[in-house]
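Visitor: compute the structure for the input listed below.
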Amino acid sequence: MSLKAISAKDAASLDKDLMEIGGWSLDQLMELAGLSVSQAVWRVHPPSAGKNVLVVCGPGNNGGDGLVAARHLAHYGYNPSVFYPKQGKNELYSRLRTQLENLSIPIIADGDAFSIALKETSLLVDAIFGFSFGGPLREPFGTVISEIERSSVPVLSVDAPSSWDIATGPPEEGPGARFMPSALISLSAPKPCVKFYSGRHFIGGRFLTKDIAEKYGLDLPKYPGIDQVMEVGVDADARI
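Guide: Okay, here's the model as predicted:
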């Protein structure tokens, strides 16, 4: 099926509605998002293809989704490691980090260690920036994205390829100008930048109600069985 895209403004409003009207907490939404990411990893890169997965996390909610995904991946039998150079200030991020440390999941913050980990991984999860990113890139993330671009490691991006503008896609020059992840998972709904994306595309967010979907003009995919993700197409021009 083909799904409609939702603007960054509507995506932020949707999250607010989920918490203020729908009764969801940020912890719950992040847990479900990270679970969806981990299932997308299983779809594109099962453990038989290589167990080393490097999850690159930013300081915001997108990074929190990555931390949750890393925990699930460890329980699935992968060997995840996390590059987390700038930790978010919310106490939630500290608890997510503690959960990873209790599973002995390596957490690195040094750029040289990232370069080594990138050479040793078989898949990278890009959980740096989500739909709220507006640029410009700040270090160390410009350097990190440039390294990812030069690498041959397949990448799964969370919600949007990091460095991309949510409306206009990849930057014309600099870090991210040639960044095209092999897979992308959109959370709740695709964002307009998917019109510039070519690769495998998944949707995650199996908790939206009919009322929320109707308010924002969203399609509710029919997820199969107990799956939290579904591979889909996109009609990005239909809803911006």
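
Visitor: can you map out the strands along the chain?
Guide: Along the chain, the segments classed as strands by DSSP state E run 2-4, 52-57, 79-83, 107-108, 123-127, 155-158, 183-187, 200-204, 229-231, 233-235.

Visitor: turn those strands into CSV, columns for distance to residue 212, mean pLDDT and mean neighbour count.
Guide: For the C-beta atoms, the positions are set from N, CA and C on the backbone; glycine is no exception. Shown next, in CSV, are these (distance: least, C-beta to C-beta, whole Å; pLDDT from 0 to 100; neighbours: other C-beta atoms under 10 Å):
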stretch, distance to residue 212, mean pLDDT, mean neighbour count
strand 2-4, 14, 75, 17
strand 52-57, 27, 98, 26
strand 79-83, 31, 98, 24
strand 107-108, 34, 96, 16
strand 123-127, 24, 98, 27
strand 155-158, 21, 98, 28
strand 183-187, 14, 96, 27
strand 200-204, 15, 95, 22
strand 229-231, 18, 95, 21
strand 233-235, 19, 65, 16
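
Visitor: turn these into a markdown table, including distance to residue 34.
Guide: Compiled in a markdown table, these are given as follows (distance: least, C-beta to C-beta, whole Å):
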| stretch | distance to residue 34 |
| --- | --- |
| strand 2-4 | 21 |
| strand 52-57 | 10 |
| strand 79-83 | 12 |
| strand 107-108 | 15 |
| strand 123-127 | 9 |
| strand 155-158 | 9 |
| strand 183-187 | 10 |
| strand 200-204 | 10 |
| strand 229-231 | 12 |
| strand 233-235 | 22 |
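
Visitor: any low-confidence regions in this structure?
Guide: Low-confidence regions of the chain, defined by pLDDT under 70, span residues 1-2, 234-240.

Visitor: select the longest helix from it.
Guide: Longest helix in the chain, counting residues (DSSP state H): helix 26-44.

Visitor: show residues contacting it.
Guide: 15, 18-19, 53, 61, 64-69, 71-73, 76, 78, 92, 96, 123, 125, 127, 154, 156, 158, 182-183, 185, 187, 200, 202, 204-207, 227-229, 231 (C-beta atoms under 8 Å, 6 or more residues apart in numbering).

Visitor: who's sitting farthest from the centroid in the chain?
Guide: residue 211 (25.2 Å; C-alpha atoms, centre = their mean).

Visitor: tell me how far the residue most central in space within the chain lies from residue 111.
Guide: Among the residues of the chain, the one closest to the centroid is residue 158, at 1.7 Å (C-alpha atoms, centre = their mean). According to C-beta to C-beta, to the nearest Å, residue 158 and residue 111 sit 21 Å apart.

Visitor: just residue 174 next, same as before
Guide: In terms of C-beta to C-beta, residue 174 sits 18 Å off from residue 111.

Visitor: residue contacts, residue 110?
Guide: Residue 110 sits in contact with residue 85, where contact means C-beta under 8 Å, 6+ apart.

Visitor: how about the helices of this protein, start to end?
Guide: 8-20, 26-44, 61-76, 91-102, 111-120, 141-150, 210-215.

Visitor: and the contacts of the fifth one?
Guide: Which is helix 111-120. By C-beta under 8 Å, 6+ apart, helix 111-120 touches 52, 54, 56, 81, 83, 85, 106, 108, 124, 140, 143-144, 147-148, 151, 153.

Visitor: buried stuff in it?
Guide: 114, 117, 118 (16 or more other C-beta atoms under 10 Å).

Visitor: same question for the third one.
Guide: Within helix 61-76, the residues scored as buried using 16+ other C-beta under 10 Å are 61-74, 76.

Visitor: contacts for that helix next, please.
Guide: By C-beta under 8 Å, 6+ apart, helix 61-76 touches 26, 30-31, 33-35, 37-38, 41-42, 47, 53, 55-58, 80-82, 84, 88, 90, 92-93, 96-97, 99-100, 103, 105, 125, 127-130, 132, 158-159, 187.
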